[in-house]
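Enquirer: Need a 3D model of the sequence below.
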Amino acid sequence: QVQLVESGGGLVQAGGSLRLSCKGSGRTITNYGMAWFRQAPGKEREFVAGISWAGYNTDYADSLTGRFTISREDAKDTVYLQMNEVKPEDTAVYYCAAASVPYSIELNVAGNYADWGQGTQVTVSS
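Expert: Numbers count the residues shown, from 1 in each chain. Sure thing, here's the model as predicted:
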């Protein structure tokens, strides 16, 4: 089990940028797929971006490709989400998740993740 703590959320104007971080502890994230999900008020949690172990593969929600970038720094047990050209509809709580098993998984499937952070609020003003 890995404990995940997100940071970097806050209030940003539409068109701006924000970088979220997710720090793991208790167990290394190396060899595990990682992902970001988000949940807006009144909506279901949705997949944002995922990155495979070793970072050789990434996956993004179709609507976000080109604006968001996921990356990882295993030496720091940290995953990042760079958010550019943010829109008001990006407002949500963003959650980091770690895969339940090592190596290859389907990155966009929430059921493949066993450990979740508490989330960080991102609010985009128009």
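Enquirer: Contact partners for the residue nearest in space to the middle of the chain?
Expert: Geometric centre of the chain, nearest residue: residue 36, 2.1 Å, by Cα atoms, centre = their mean. For residue 36, the contacting residues are 20, 22, 48-50, 70, 79, 81, 94-97, by Cβ atoms under 8 Å, 6 or more residues apart in numbering. C-beta here means a position set from N, CA and C on the backbone, and glycine is covered the same way.
Enquirer: Was I right to think residue 96 contacts residue 79?
Expert: Yes: because the distance of 6.2 Å satisfies Cβ atoms under 8 Å, residue 96 is recorded as touching residue 79.
Enquirer: Could you name every residue contacting both of the two?
Expert: With Cβ under 8 Å, 6+ apart as the test, residue 96 and residue 79 both reach 22, 34, 36.
Enquirer: Can you tell me how far the first one is from residue 126?
Expert: So the one you mean is residue 22. Residue 22 sits at a distance of 27 Å from residue 126 (criterion: Cβ to Cβ, to the nearest Å).
Enquirer: what does the last one give?
Expert: If you measure residue 36 against residue 126 using Cβ to Cβ, the figure is 23 Å.
Enquirer: Tell me the secondary structure of residue 75, please.
Expert: Under DSSP: H, G, I helix; E, B strand; the rest coil, the three-state class of residue 75 is helix.
Enquirer: Hmm, residue 118 is touching residue 3, no?
Expert: No: taking contacts as Cβ under 8 Å, residue 118 lies outside contact range of residue 3: 9.8 Å.
Enquirer: Fine by me, we can end here.
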